[in-house]
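> compute the structure for the input listed below.
(one chain, ligands or ions: 2)
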Amino acid sequence: MLELHRAVAAAETKASLVVASERMKMERLVEEVKAQVKMEVMETLNKQERSNENCWNCGRAASETCSGCNRARYCGPFCQHKDWENHHKVC
Ligand SMILES: [Zn+2]
Ligand SMILES: [Zn+2]
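Numbering: from 1, shown residues only. Ligands and ions are numbered 1, 2, ... in the order given. Got it, this is the predicted structure:
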């Protein structure tokens, strides 16, 4: 009986070690996926910011174009006015 008990205990120990290492692998995988998703979101945000189709000041959808150069785009007069101190150098 003692032998059996020892064998069961050993099997349980082994099983819990396997579970622990599998859990660690899973957790690492989850962390990797999370980091990857974060990167993708950041890239998407950067792309949106750099897009000339959006407001050059705040990045939202633009509806107005600078009448001086027809290149700069703004969501409204507020943003156009706000960006002017930078934009007038290249306008
Ligand atoms: Zn704006
Ligand atoms: Zn301009």
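
> quick one: residue 41 from residue 35, how far?
11 Å (Cβ to Cβ, to the nearest Å). C-beta coordinates here come from the backbone N, C-alpha and C atoms, glycine included.

> and if you look at residue 55?
Distance from residue 55 to residue 35, by Cβ to Cβ: 30 Å.

> got it, and residue 9?
39 Å.

> returning to that earlier point: pick out whichever of residue 55 and residue 35 has more residues nearby.
residue 55 (23 against 10; other Cβ atoms under 10 Å).

> who touches the nearest residue to that one once chain neighbours are set aside in this structure?
Counting by Cβ to Cβ, 6 or more residues apart in numbering, residue 55 lies nearest to residue 75, which is 4.0 Å off, once chain neighbours are set aside. With contact taken as Cβ atoms under 8 Å, 6 or more residues apart in numbering, residue 75 is in contact with 54, 55, 57, 58, 60, 61, 62, 63, 64.

> ok, now with 6 Å
With contact taken as Cβ atoms under 6 Å, 6 or more residues apart in numbering, residue 75 is in contact with 55, 60, 62.

> packing partners of the lengthiest helix in the chain?
When the chain is parsed with DSSP state H, its longest helix is helix 2-50. Applying 3 or more Cβ pairs under 6 Å, 6 or more residues apart in numbering; DSSP states H and E, one finds that helix 2-50 contacts no other helix or strand.

> care to break the protein down by domain?
Using automatic domain parsing, the domain ranges for the chain come out as 1-50, 53-91.
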